[in-house]
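1. Below: sequence and its predicted model.
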Amino acid sequence: MLDPKDIKISEPGHGELTEDCIPKALERLKVDSQGGTFLSQEVLKSVPVTPYTDEAKKRLKKFVEKIDVPTNITGFDF
């Protein structure tokens, strides 16, 4: 969990936060915003994750290129 002392407040003009917002925001992170739905953390725990193998990486790269998603926003290291 993040320590509120390690969080930097935004520069003026970039969505300023007051320091009292930080502990409240960290508490809110503990709540499943999808609770009670099929996307809840509890439900998704039972869904197996496909291993990210070399073959899966190749297929994903091909798909990303096919639908023309800029690689700088995919979050994957191709």
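-> Happy to help now that I have it.

2. Look up how far Pro51 lies from Asp32.
-> Note on Asp32: its distance to Pro51, by C-beta to C-beta, to the nearest Å, is 25 Å. Placement of C-beta: from N, CA and C, glycine included.

3. The two - which one has more neighbours?
-> Set Asp32 next to Pro51 and count neighbours by other C-beta atoms under 10 Å: Asp32 wins out with 13 against 7.

4. Break this protein down into its structural domains.
-> If you go by automatic domain parsing, the domain ranges for the chain are 1-47, 49-78.

5. Where among these is average confidence lowest?
-> Lowest mean pLDDT of those: domain 1-47, a mean of 79.

6. By residue count, what's the longest helix in this protein?
-> In the chain, with assignment by DSSP state H, the single longest helix is helix 54-66.

7. just the helices in the chain please.
-> For the chain, applying DSSP H gives helices covering 21-28, 41-44, 54-66.

8. how near is the closest residue to Thr74 other than its chain neighbours to Ser33?
-> Nearest residue to Thr74, sequence neighbours excluded (C-beta to C-beta, 6 or more residues apart in numbering): Val64, at 5.6 Å. Between Val64 and Ser33 the computed distance is 27 Å (C-beta to C-beta).
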